[in-house]
Structure formats: structure tokens, C-alpha cells
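A.B. asks: Attaching a predicted model along with its sequence, questions to come.
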Amino acid sequence: MNHKESEMTMFKSLIQQLKQSANTLMFRFTIWYVLSLLAVILLIGISIMGAVTHLLIQDSKEELFAVERKLRESIQDGFLEWQSLLDELLYPDHANYDVQIVSSDGRILAQTRNWDEAFLAEQKNRFRWFDTVQWNTDYGLFIKDEVIWNQSNGQVGRIYIHVQLHSIERILLIITKVLVITALASSTAGSLLIYQITRRNLSPLFSIMNSIVQMKNAPNLRQRVHVPKTPVELTKLAERFNQLLDEHEELIEREMNFITNASHELRTPLTAFRGHVKLLKRWGNQNADVLQKSLDSLDLESQRMQRLIIQLLTLARSGKSATPKEQVNLTDIVREAIKQLWKSDSKISLRLHLNEAAYVFGDKEQLRQVAVILIENAMRYTNDLGWIEVAVYQEKENACLRVSDSGIGIPEEELDKIFDRFYRVDKARSRVTGGTGLGLPIAKELVEQHHGTIQVESTLGQGSTFIVCIPYSHNA
């Protein structure tokens, strides 16, 4: 790469850095401050210059009117020495006055030494400020006026006056220079000051950004951003971000546990499958009892694995797609669930308390699945000669399903864990009865999709009660 290409690369790199800086808060705050400051200085400068100019011109006009009044008085008194009159009135106090006295027939009776005919004849370069105040590119700012005079002998003439305002121009020029110097100095000093103040105030934000970059470069689920004490907005931002990180970490851990538990639960029936298949290969053709027992075991394990896969798919699909909802009768749904599960030869007694008008707005199949899970759990953990009570009732703005049993109950310290995936209170009993630990988590997610709540009350050795409440709708 030659020297010229190296310079072009550096120039492009500099342009890129400037573009990136232009999108930062530091740059925007500084630029807006400088522009605002310059606008304020400009407004103040225009106001000061306008006020000073108005006052000075008013003073000049009053002085002009006084000179005109003296000229009229002198002419009316019959004073005929015109040149002497002008010299006496104008010098030395009014040397910036140019006056010409003209008679009625157009003769020039007198004029000041600085009188310039070309100045009066030149009109194209003039800019009129007010009625009498004008500006010329060659002569600068001046006041032009014309006075009609009447002498005692009957003569009528005109007096042409123009007053050069160089002193006002100098004052305005000084004010302009002061404003320009003030604007440059204040914008430079202010830019540095506002840059430092902005940098200090945004340092908590930079700290949060650096923490996020570090977390990206070296992922650590337990790393959190620093929470600044001030300002309140950044404090809340950092706290909310840390809260999201906590939820994210909890979600990842739950998913990892879910994968671990799911693989374990699927491995168990597959291991049993492999064992029975080997047993059949070795003894199946020789021993009819071994063949029958192995086939029965394979059937049970296949049913259990089928149930587990269905529940896993239910969990995977729950909440990811909106299901159509309609007005359904919760009592009818519960009756269908009982019809599906209850066996006539069951040694457990069933008590029913069903409200016929418990209507809710939801998905019928999902609500039936909730009822099946709760009733099936009650049957699984209730011993022979025990009882199960199922009630449907209205409470305030909800239709509720209550499933109670006289089963083994749940220890108090485990009540907050029963809705975790794959958690089972009595693992040995669940293995025998086919429990997977996914029923209650599925029921909870389905209830929450219907904007409802699910609660549990239990006493170890005395039974459990599950209560599901869903906002209801009146039957039309």
C-alpha cells in the first residue's frame, strides 16, 4: 500500500468515526447545547443592537429637529447671510451635518463645505430603514430630511439636510464584534463544559453498556449489570435488566432440568424395553409364562411412554398458539372427565356437587384435560376405601372446580414444588401407577392460558384439595 492509499484509508476511517460519534448522546447533547447557546446569543445581540440603534437614532432625530427649528427661526427673522448662518449653527458641534439652502427659483443660497451632489443623486445603493433613516454602501448610515422655509419677504425655499451617523455605525460594529467574540468563547468553553457534564451524567449508562459487552464476550448466567444510585431512570433500567437476566437464567435452568428429566424419563421405559426384548430372545420361545409377562410389561411401558410423549408435546405446544375459545359449561366438561376415568368396580367412593350453570369462556378440550389431570391424580394417590369429592360452583366472578381426596397428602415443604415439571411427591408410587410428574405443570399452564388460578391445600396423611377458578360468563 503506497502513501496515498494509506492517507485515503486513514481519511475514510476518520469519517467513519465521525459518523459513529454523530449518533452518540454525547455528540447530540453537545451540538444541541452549542446551537441553543448561539441562538440565544443571536437573539440577545439582535435585541441589544435594535434597542441601541433605536435610542441613538431617536437622539439624532431630536438633535436634527432642534437644528431645523433654529434654521427656521433664523430665516423667519430676516437673516440673509446664509453661509454665515450655516457656519454658526453647525460648527463645530454639528460637523456631521450636510445642509443646503435652496431658494424658490432653485438657486443655492448656501451649503456646507462637505455637501456632495453625487450623494443626493445616487439612489440605487440605498436601503431605507425608516422614513428618514437610510443606508448607502458608499456613505454608510445617514438621516435625510427636507424642510420648507417661509421668509418674511414672501420668499419660499427648501432646506435639504442629511446627517452622517458614523458614530452609531462604530457603536454597532463594536457590539457586533463583542457578540461574535462572546459567542465563540462561550460556545467553545460551553461545549467543553457540557461535554464533561454529559459524560459524568452518562457514566452510569456507559457502565451498564460495558457490563452488557462483557457479558456478551464472556457469557456468564450469574453476571449482572451494576445498578447506579442515580439517576432514577438508569437505576430502574439496570434493575429491570437484572430482573430480566434473573428470569432468563431461571428459564434456562428450567429448560436444562426439563431436558435432563425428560431424557431420564424416556430412558427408563426404553431400558425396560431392551431388557424384555433380550428376555424374549433368550427364553420367549421356550417359556410361555416368560413370553406373556414380557408382553404385558412391554404393553405397560409402551403406554407409559406414550403418555409421557403426549404430555411433553402438550407442554411444548402450550402457550405458543392461540386456541379458539367459546362459552362452555364447566359441569358438562367435568362429567365427561369422570365418565372417562371412573370405573364401576372402583373401591373409592365418589361425591359430586355440580352447579348446572357454571359457564366459562375457554377451550373445551383444554379444560377437560385439566379436569382429567386433577381427578386422575386424586384417584392415583387415594387408597382403597377412601373418597374423592368433585365440586363445581360459582364464586364471585369465577366458575370454580374443586377436587378433594382422602389420599396420602403432600408435605408442607413440598407444596411449592408440585407444579415443577417431573416433580413427584411419592416417586415409588408414581412409578407403579404410571405418573410422570407432568400432569400438574400442564394443568397450571392451561389454567393460566384461561386467565385463571390454581391452588392447593393439603395435610400429610389426610388428603389434598385442588381448586381451579376461571372467569365465568352467564348463559344467555
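C.D. replies: Now that the structure is in, tell me what you want to look at. Numbers count the residues shown, from 1 in each chain.

A.B. asks: quick one: Ser464 is in a strand?
C.D. replies: Yes - assessed by DSSP: H, G, I helix; E, B strand; the rest coil, Ser464 belongs to a strand.

A.B. asks: tell me the secondary structure for the residue lying closest to it once chain neighbours are set aside?
C.D. replies: Leaving out its chain neighbours, the residue that sits closest to Ser464 by CB to CB, 6 or more residues apart in numbering is Ser458, at 3.9 Å. All C-beta atoms are positioned from the backbone trio N, CA, C, and that covers glycine. Secondary structure, three-state DSSP: Ser458 is strand.

A.B. asks: what about Ser458, how many neighbours?
C.D. replies: The number of residues packed around Ser458, counting by other CB atoms under 10 Å, is 22.

A.B. asks: next one: the one 3 residues further on
C.D. replies: When neighbours are defined as other CB under 10 Å, Gly461 has 10 of them.

A.B. asks: give the contact list for it.
C.D. replies: When contacts are counted by CB atoms under 8 Å, 6 or more residues apart in numbering, Gly461 is found next to Ile408, Gly409.

A.B. asks: secondary structure class for it?
C.D. replies: Three-state call for Gly461 (three-state DSSP): coil.

A.B. asks: now swap in the one 10 residues further on and tell me
C.D. replies: Three-state assignment for Pro471 (three-state DSSP): strand.

A.B. asks: Walking through the stretch 101-250 of the chain, point out its strands one by one.
C.D. replies: Listed in chain order, the strands of the stretch 101-250 of the chain (DSSP state E, counting those that start in this stretch) span 108-111, 126-128, 133-136, 140-150, 156-164.

A.B. asks: Out of the ones you listed, flag the one nearest Val99.
C.D. replies: Val99 sits nearest to strand 156-164 of all these, at 5.2 Å, using CB to CB.

A.B. asks: list the buried ones in that closest one?
C.D. replies: With burial defined by 16 or more other CB atoms under 10 Å, the residues of strand 156-164 counted as buried are Gly157, Ile159, Tyr160, Ile161, His162, Val163, Gln164.

A.B. asks: That strand versus strand 140-150: what angle between them?
C.D. replies: Orientation check (axes from the mean of the first three to the mean of the last three CA atoms, to 10 degrees): strand 156-164 against strand 140-150 gives 160 degrees.

A.B. asks: gap between strand 156-164 and the chain center?
C.D. replies: Remark: strand 156-164 is offset 70 Å from the chain centroid, using CA atoms, centre = their mean, to the nearest Å.

A.B. asks: Extract the residue ranges of the stretch 301-450 of the chain that are flagged as low pLDDT.
C.D. replies: Within the stretch 301-450 of the chain, the segments meeting pLDDT under 70 span 301, 304, 307-308, 310-324, 421-437.

A.B. asks: show me where it has helices.
C.D. replies: Ranges of helices within the stretch 301-450 of the chain are 330-341, 364-380, 427-433, 439-449, based on DSSP state H, counting those that start in this stretch.

A.B. asks: Of all those helices, which one is nearest Asn201?
C.D. replies: Asn201 lies closest to helix 439-449 among the helices of the stretch 301-450 of the chain, at 42.2 Å (CB to CB).

A.B. asks: Alpha carbons of that closest one, as CSV, please.
C.D. replies: Provided in CSV are the C-alpha atoms of helix 439-449 (Å, rounded to 0.1, in the frame of the first residue of the first chain):
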residue,chain,number,x,y,z
GLY,A,439,-49.7,-33.5,34.9
LEU,A,440,-49.9,-30.6,37.4
PRO,A,441,-47.5,-28.4,35.4
ILE,A,442,-49.7,-29.0,32.3
ALA,A,443,-52.8,-28.2,34.3
LYS,A,444,-51.2,-25.0,35.7
GLU,A,445,-50.2,-23.7,32.2
LEU,A,446,-53.6,-24.5,30.7
VAL,A,447,-55.4,-22.7,33.6
GLU,A,448,-53.2,-19.6,33.2
GLN,A,449,-53.9,-19.6,29.5
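
A.B. asks: for that helix, packing partners?
C.D. replies: Applying 3 or more CB pairs under 8 Å, 6 or more residues apart in numbering; DSSP states H and E, we find helix 439-449 packed against helix 288-317, helix 364-380, strand 453-459, strand 463-471.

A.B. asks: residues of that helix that come out buried?
C.D. replies: Applying 16+ other CB under 10 Å to helix 439-449 flags Gly439, Leu440, Pro441, Ile442, Ala443, Lys444, Glu445, Leu446, Val447, Gln449 as buried.

A.B. asks: hmm, back to that, and the helices of the stretch 301-450 of the chain as TSV, adding distance to Ser406?
C.D. replies: Shown next, in TSV, are these (distance: least, CB to CB, whole Å):
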stretch	distance to Ser406
helix 330-341	17
helix 364-380	9
helix 427-433	15
helix 439-449	19
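
A.B. asks: For Trp149, find the nearest of those helices.
C.D. replies: helix 439-449 (102.6 Å).

A.B. asks: and the closest one with helix 364-380, angle?
C.D. replies: 150 degrees.

A.B. asks: circling back: Ile181: which of the buried residues of helix 439-449 is nearest?
C.D. replies: Distance to Ile181 across the buried residues of helix 439-449 (CB to CB) is lowest for Gln449, with 70.7 Å.

A.B. asks: for the host helix or strand of Asp59, packing partners?
C.D. replies: Assigned by DSSP states H and E, Asp59 belongs to helix 25-76. Contacts defined by 3+ CB pairs under 8 Å, 6+ apart place helix 25-76 against helix 82-90, strand 97-102, strand 140-150, strand 156-164, helix 166-201.

A.B. asks: Can you list the buried residues in the third one?
C.D. replies: So the one you mean is strand 140-150. By neighbour count with 16+ other CB under 10 Å, strand 140-150 contains the buried residues Leu141, Phe142, Ile143, Lys144, Asp145, Val147, Trp149.

A.B. asks: in its sheet, what does it sit against?
C.D. replies: In the sheet, strand 140-150 lines up against strand 133-136 (antiparallel), strand 156-164 (antiparallel) (DSSP bridges).

A.B. asks: Can you add distance to Leu85 and mean pLDDT and give the ones you listed back as a markdown table?
C.D. replies: Below are these laid out as a markdown table (distance: least, CB to CB, whole Å; pLDDT from 0 to 100):
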| stretch | distance to Leu85 | mean pLDDT |
| --- | --- | --- |
| strand 133-136 | 26 | 72 |
| strand 156-164 | 11 | 79 |
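
A.B. asks: Next, format those as TSV and append distance to Ala337.
C.D. replies: Output for the strands paired with strand 140-150, formatted as TSV (distance: least, CB to CB, whole Å):
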stretch	distance to Ala337
strand 133-136	98
strand 156-164	108
